[in-house]
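*Asks:* sequence plus predicted model, see below.
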Amino acid sequence: MNAEANAQATPPVIELRDVHKRFEQRPDLAQRLLALAGRPAARRTVHAVNGVSLSLARGEVVGLVGESGCGKSTLGRVVAGLYRPTEGELRYQGRPVADLQGADRLAYTLGVQMIFQDPQASLNPRQRLRQILSEPLKVHKLAAPAEVPARVERALAEVGLDAQYRERYPHQISGGQRQRIGIARALMVGPRFLVCDEPVAALDVSIQAQVINLFMDLRAQHGFTYLFISHDLGVVRHISDRVAIMYLGRIVEQAAAADLYARPNHPYTQALLAEMPDVSRRGRAFTPIRGEIPSPLAPPAGCTFHPRCPHAMPRCREQAPELKQVAAGHWSACHLNDTPA
Amino acid sequence: MNDILLDVRGLRTAFHTEAGAWPAVDGVDLAVRRGEILGLVGESGSGKSVTGFSLLGLIDPPGEVVDGEILFRGQDLRTYDEERMRQLRGNRIAMIFQDPLMTLNPVLRVGEQMLEAIQTHADVPRREALERCRQALERVGIPSPEARLRSYPHEFSGGMRQRVAIAIALLNQPDLIICDEPTTALDVTIQGQILYQMQQICREQQTALIWITHDLGVVAELADRVAVMYAGRIVETGPVDQVLDAPRHPYTRGLLESMPARTRPGERLRQIDGMAPTLSARPSGCAFRQRCPSAVTRCTEQAPAPTREGARSYRCYAPILPPAPSTPHAPAEAARRPAASPEAPAPRGARKPAE
């Protein structure tokens, strides 16, 4: 509610307008030689993100759900500025990021921070935790050298780690603690928006709960906006205000979290929810969805989900469905919504 | 149906280091009946995988199975030499690992690897063996199995590769398959397909499964019984319904409650504070006591022995007991009596129900 009221008054923190991200395969040596000989190989293009529009209001948590290869991490990296969109526009607080210069550019760079799935891979193994945490302050000259130790201690306290940890190396702490350090590092530069890419996927259940609680506490304290990327529907339901479901580079459904879980519209969302492991369900007779996720190198024509969809019609093979509003704030891209029931 | 296929008693597996021998598995008792699916649940470092590896004699130095019996069809596998274990592995007991890319030979066609699995254990003519391989691939839902026999592992997707691993495990119709997190790396829709096939095949062939996982949701849906491991010990075990609906051990309850599904969206999750102790720093007594909300003085002194209650058992001095044990099906007296174990004083009446 609050987020909605704000959205009208102030521009969204992050807005994506029809963003595409394509990766082209570089021709290897053999292909280059063949090209010299007059037989160029067809360039293979991965359409990782294929026309995504999404906006996040201040203080809102949007969960982005999808299976491997659906482009959710690529989209997160576009938002964090690690990839430039091939087409379309990314806006930060109402202004196109591509046009930002000087102080405005810095405000975006610092304002949007990313938290990665594998803190082991994103922390320098040869630096002590205090060095890891103070680096952003030094690089961006955000604190006088004398203030740095106090800032590091404050950041450690904020993520629930004892100050004595500052002298340790990443390998000397547990996975959950490493993820806390990843979060603390993102907090050092005073961000407003956090892109969390599978931040709890690598953690054990009991530790996962601690880190999810930390995310919720930080949001309550600082009013952060999160793009929370995950394949885990249970975690996403818990933390998100709105949820977007991605399949092969497109958002196929988007709605308020409670709405989406109560009334999933898209057949893919329905399948995902049905496959979500559930402790309260016993001795289940599994009746799984068919087929595999197609390769984004050769996505199916029409609706990309049609080969796996139990309700596929001839039209689905030819025409890609658009995201349409099916109820207030509930968007879905499925031809079934046009068919009279 | 009721005969016990695998009976593990007091299994201890230690890893030798300069600082001493650390017991990764510290006295595990397990029983699996023919055709039964046992979910072995635990977090990283709880010893669940080491338990699985120990059963198959796959522990390499500096690790060593130091104590216990592994009775498979009545015979202690610890007395088997390497050659007899080889005959058993892949034949009567098979194993499926988390990452099939690590277990499939990248330079051999899938068909060759499958043939090897058959011909190592039996003298089967090549043509007949190939037909069995084709059928195995078909049964796990691999399209055009004939052609796929000639593919290399890298030509399969992750889900398909795991199916190949399952097909290989099934080739010799084993009595028991040990699955170590076989669907953890897979997407939920693919996981659903694989769970479906495992369930079907085990029912048809009466194959028993030990399903090692950290995912209580999968266990709830798939398994008949569950064993929850913490710091090298099974802290609670029993039929899935009983353990997951009314956990007795505070750790089991903590695990269940820290799952997002158990809390209203947006509310703080009921987390278990702290973290699991490392192998070299396990506390005395009950290894969970430092994180346990209902720990008592006695927990520091000696690790609790299993308390048996009908089909289930748990290791805890302060179990979470139902408020009124007067329900008709509750075996009230027997329920509270501890297992016949000299060092376990009766907890009867010692604790009030925790809630």
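*Replies:* Yep, that arrived.

*Asks:* may I have the phi/psi pair for A:Pro125?
*Replies:* The phi/psi pair for A:Pro125 (degrees, to the nearest 10) reads phi -70, psi -20.

*Asks:* list the residues that contact the closest residue to it other than its chain neighbours.
*Replies:* Counting by Cβ to Cβ, 6 or more residues apart in numbering or on different chains, A:Pro170 is the residue found nearest to A:Pro125 once chain neighbours are left out, at 5.5 Å. Quick note: C-beta positions are derived from backbone N, CA and C, even for glycine. Counting by Cβ atoms under 8 Å, 6 or more residues apart in numbering or on different chains, A:Pro170 touches A:119-120, A:123-125, A:127, A:129, A:132, A:178, A:181.

*Asks:* dump those into a markdown table; add secondary structure, neighbour count and pLDDT as well.
*Replies:* Formatted as a markdown table, the contacts of A:Pro170 follow (DSSP: H, G, I helix; E, B strand; the rest coil; neighbours: other Cβ atoms under 10 Å in any protein chain shown; pLDDT from 0 to 100):
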| residue | secondary structure | neighbour count | pLDDT |
| --- | --- | --- | --- |
| A:Pro119 | helix | 23 | 76 |
| A:Gln120 | helix | 15 | 78 |
| A:Leu123 | coil | 21 | 90 |
| A:Asn124 | coil | 11 | 91 |
| A:Pro125 | coil | 9 | 91 |
| A:Gln127 | coil | 14 | 93 |
| A:Leu129 | helix | 26 | 93 |
| A:Ile132 | helix | 21 | 93 |
| A:Arg178 | helix | 22 | 90 |
| A:Ile181 | helix | 23 | 92 |
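
*Asks:* Three-state assignment for A:Ala41, please.
*Replies:* Of the three states, A:Ala41 takes coil under DSSP: H, G, I helix; E, B strand; the rest coil.

*Asks:* and it, what pLDDT?
*Replies:* Note on A:Ala41: pLDDT of 72.

*Asks:* pretty sure it contacts A:Ala35?
*Replies:* Yes: using Cβ atoms under 8 Å, A:Ala41 is in contact with A:Ala35, at 6.9 Å.

*Asks:* tell me, what's touching these two both at once?
*Replies:* Joint contacts of A:Ala41 and A:Ala35 (Cβ under 8 Å, 6+ apart) are A:Pro27.

*Asks:* please enumerate the strands of chain A.
*Replies:* Per DSSP state E, chain A has strands spanning A:14-24, A:45-56, A:61-65, A:87-92, A:95-96, A:112-115, A:193-197, A:225-230, A:242-247, A:250-256, A:324-327, A:330-332. These are given in chain order.

*Asks:* tabulate those strands in a markdown table, adding columns for mean pLDDT and mean neighbour count.
*Replies:* Formatted as a markdown table, these follow (pLDDT from 0 to 100; neighbours: other Cβ atoms under 10 Å in any protein chain shown):
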| stretch | mean pLDDT | mean neighbour count |
| --- | --- | --- |
| strand A:14-24 | 93 | 18 |
| strand A:45-56 | 91 | 20 |
| strand A:61-65 | 95 | 26 |
| strand A:87-92 | 94 | 18 |
| strand A:95-96 | 94 | 12 |
| strand A:112-115 | 94 | 24 |
| strand A:193-197 | 94 | 25 |
| strand A:225-230 | 94 | 26 |
| strand A:242-247 | 95 | 26 |
| strand A:250-256 | 95 | 24 |
| strand A:324-327 | 93 | 14 |
| strand A:330-332 | 95 | 21 |
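
*Asks:* which stretch among those comes nearest B:Gly10?
*Replies:* For the strands of chain A, proximity to B:Gly10 was assessed by Cβ to Cβ; strand A:225-230 is nearest, at 40.9 Å.

*Asks:* so where is the chain shaky, pLDDT-wise?
*Replies:* I went with chain A, as the question did not name one. A:1-9, A:283-289, A:340-341 (pLDDT under 70).

*Asks:* look at chain B instead
*Replies:* Counting by pLDDT under 70, the ranges of chain B that qualify are B:1-2, B:324-355.

*Asks:* any idea how far the residue lying closest to B:Glu82 once chain neighbours are set aside is from B:Phe15?
*Replies:* In this structure, B:Glu82 finds its nearest non-sequential neighbour in B:Gly57, 7.7 Å apart by Cβ to Cβ, 6+ apart. As judged by Cβ to Cβ, to the nearest Å, B:Gly57 and B:Phe15 stand 16 Å apart.

*Asks:* how about A:Pro294?
*Replies:* 44 Å.

*Asks:* show me which residues of the stretch 1-150 of chain A are close to chain B?
*Replies:* Counting by Cβ under 8 Å from any Cβ of the partner chain, the stretch 1-150 of chain A comes close to chain B at A:67-68.

*Asks:* count of neighbours near the closest residue to chain B within the stretch 1-150 of chain A?
*Replies:* Nearest residue of the stretch 1-150 of chain A to chain B (Cβ to the nearest Cβ) works out as A:Glu67 at 3.8 Å. Neighbours of A:Glu67 under the rule other Cβ atoms under 10 Å in any protein chain shown: 19.

*Asks:* center of chain A, which residue is that?
*Replies:* Among the residues of chain A, the one closest to the centroid is A:Ile229, at 3.4 Å (Cα atoms, centre = their mean).

*Asks:* that one and A:Leu194 touch, don't they?
*Replies:* No: counting by Cβ under 8 Å, A:Ile229 sits too far from A:Leu194 to count as a contact (10.8 Å).

*Asks:* which phi and psi values does B:Leu11 adopt?
*Replies:* For B:Leu11, the backbone dihedrals (degrees, to the nearest 10) come out as phi -70, psi 130.

*Asks:* can you tell me the closest non-neighbouring residue to it?
*Replies:* Spatially, and ignoring its direct neighbours in sequence, B:Leu11 is nearest to B:Gly68 (3.7 Å; Cβ to Cβ, 6+ apart).
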